[in-house]
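Novice: sharing a model prediction with you, sequence too.
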Amino acid sequence: MRFTEFNFHPNLLEGIEASNYENATPVQEQVIPPIMAGKDVIASAQTGTGKTAAFLLPVMNRLLENHVDGQVGALIVVPTRELAIQIAQHMEGLSYFTHLSSIAIYGGNDAQNFVNEKKALQMGADIIVCTPGRMIAHLNMGYVNLKKLQFLVLDEADRMLDMGFQDDINKIIKVLPEKRQNLLFSATMPEKIRQLAKRILHQPVEINIAISKPPEKIVQRAYVVYEPQKLPLVKKILKETPYKNALVFCSRKQTVKQLTRELKHGKFNIAEIHSDLEQAERESVLSAFTAGRIPVLVATDILSRGIDIDTIDLVINYDVPGDGEDYVHRIGRTARAEADGTAFTLIGEKEQNKFASIEQLLGKEVEKAPVPAELGASPAYHPRVRSGNSGGRNTQRKFYRGAPRRK
Ligand code: AMP
């Protein structure tokens with residue numbers, strides 16, 4: 001479906017064209033019409049599907065048609081600063097030929113930031129993109145007027161609940177006008193999201209675009225290793241796999257720091273990113289990465305959601321992520337838009353069960369690549385996932401057809 005078929009404002013169509021979008025993605029095709037018809041929407045869609053434009057475009061279109069000067073028209077609440085910045089940038093591109101304005105409110109440690117945000121909020125903006133805690137800090141000061149708000153968007157809602165933002169979201173909703181259009185986007189739909197949706201949304205249209213499945217075009221491989229084999233294996237992968245930009249994920253920032261040290265020692269041109277860095281440092285690392293000056297980034301899950309850099313064609317999970325959703329998000333950083341991507345996961349001996357649960361969620365077994373002989377003997381893949389009642393082996397055995405790989 002072409003964007004010209006949606007009946008968008010001509011100035012918005014110009015922005016779409018300038019962004020080089022021709023055809024709507026499936027999520028856009030399904031989500032845009034009900035939003036334009038004024039309906040509340042709950043959509044499960046992964047990042048990389050074009051979901052940001054799926055809510056931005058109809059929201060912007062309405063605000064163009066129904067503009068109230070000096071009033072906030074839409075509030076987009078997101079879990080992380082990085083996502084807030086990215087959505088604001090997306091919005092800037094699409095709104096280039098319109099008079100719509102937007103602000104990203106995401107905090108940071110220095111007081112000047114707060115003052116700048118306050119000034120921007122006092123001047124007003126059509127669309128505010130914010131992280132919950134920071135928005136509440138501003139709301140508490142009393143200068144934000146949301147009386148004419150038309151849209152509330154909750155993006156990556158599952159992540160926000162995981163991060164403990166439920167109370168903050170409730171506080172924000174309390175100050176919004178009752179009559180408004182609500183849009184909720186979530187990569188997954190666990191029960192707690194359905195409960196949230198029940199409280200916030202009004203007779204929503206429900207749209208499901210492949211729940212928690214990574215895009216098919218990502219080539220997934222896993223290595224079953226002993227813990228000490230991980231470092232030499234990562235070095236080998238980084239040396240021998242062709243890539244433009246690679247992301248190496250670790251679950252803990254301690255591991256990120258340690259691995260970065262080791263890799264720098266091995267003369268790799270890399271940088272690290274985690275929550276101990278100041279916002280300015282994070283941004284400068286990300287821009288060096290995006291510009292190709294630093295081809296490899298070692299990161300915690302802070303980067304696993306929402307970050308959209310077209311040139312990432314390799315993701316390495318140095319450890320197995322906490323759950324299937326994190327796995328899908330991590331590997332979803334590659335193969336963005338039209339690009340291809342490869343995702344390698346290193347499974348330590350103690351991580352086999354965790355990985356088996358992820359495979360169960362994916363509904364398929366991830367191919368296990370042979371560990372290079374020079375790294376020595378490696379363990380076999382013998383996941384033993386405890387069943388609910390016996391504590392013994394369970395259905396995983398059914399799930400894995402064929403003999404476990406061995407060296
Ligand atoms: P998202 O899922 O919102 O993170 O978007 C993923 C990427 O797809 C972003 O780089 C968008 O700019 C891009 N994108 C979104 N919609 C389209 C479209 N209709 N055609 C081509 N690229 C798109």
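Specialist: Sure, I can see it. Residues are numbered from 1 along each chain as shown.
Novice: CA atoms for contacts and neighbours, from now on please.
Specialist: Fine.
Novice: show the model's pLDDT score for residue 404.
Specialist: According to the per-residue confidence, residue 404 scores 29 in pLDDT.
Novice: which residues in the stretch 1-150 of the chain form helices?
Specialist: 10-18, 26-36, 51-65, 81-94, 111-123, 132-141 (DSSP state H, counting those that start in this stretch).
Novice: I'd like the ones you listed as JSON lines, with mean neighbour count and distance to residue 305 appended.
Specialist: Output for the helices of the stretch 1-150 of the chain, formatted as JSON lines (neighbours: other C-alpha atoms under 10 Å; distance: least, C-alpha to C-alpha, whole Å):
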{"stretch": "helix 10-18", "mean neighbour count": "18", "distance to residue 305": "24"}
{"stretch": "helix 26-36", "mean neighbour count": "19", "distance to residue 305": "18"}
{"stretch": "helix 51-65", "mean neighbour count": "21", "distance to residue 305": "13"}
{"stretch": "helix 81-94", "mean neighbour count": "20", "distance to residue 305": "8"}
{"stretch": "helix 111-123", "mean neighbour count": "14", "distance to residue 305": "24"}
{"stretch": "helix 132-141", "mean neighbour count": "16", "distance to residue 305": "16"}
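Novice: right, so of those helices, which gets closest to the ligand?
Specialist: The ligand lies closest to helix 51-65 among these, at 3.6 Å (C-alpha to the nearest ligand atom).
Novice: what inclination does the closest one have with respect to helix 26-36?
Specialist: Per axes from the mean of the first three to the mean of the last three C-alpha atoms, to 10 degrees, the angle that helix 51-65 makes with helix 26-36 is 30 degrees.
Novice: what's helix 51-65 packed up against?
Specialist: For helix 51-65, the contact count by 3 or more C-alpha pairs under 8 Å, 6 or more residues apart in numbering; DSSP states H and E identifies helix 10-18, helix 26-36, helix 81-94 as packing neighbours.
Novice: alpha carbons only: can I get the last one in PDB?
Specialist: These are the backbone C-alpha positions of helix 81-94, laid out as PDB (Å, rounded to 0.1, in the frame of the first residue of the first chain):
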ATOM      1  CA  ARG A  81      16.300   8.300  26.800                       C
ATOM      2  CA  GLU A  82      17.800   6.700  23.600                       C
ATOM      3  CA  LEU A  83      14.300   5.800  22.400                       C
ATOM      4  CA  ALA A  84      13.000   9.300  23.200                       C
ATOM      5  CA  ILE A  85      15.800  10.900  21.200                       C
ATOM      6  CA  GLN A  86      15.300   8.500  18.300                       C
ATOM      7  CA  ILE A  87      11.500   9.100  18.100                       C
ATOM      8  CA  ALA A  88      12.100  12.900  18.300                       C
ATOM      9  CA  GLN A  89      14.600  12.600  15.400                       C
ATOM     10  CA  HIS A  90      12.200  10.500  13.400                       C
ATOM     11  CA  MET A  91       9.500  13.100  14.000                       C
ATOM     12  CA  GLU A  92      11.800  15.900  12.900                       C
ATOM     13  CA  GLY A  93      12.400  14.200   9.600                       C
ATOM     14  CA  LEU A  94       8.700  13.400   8.900                       C
END
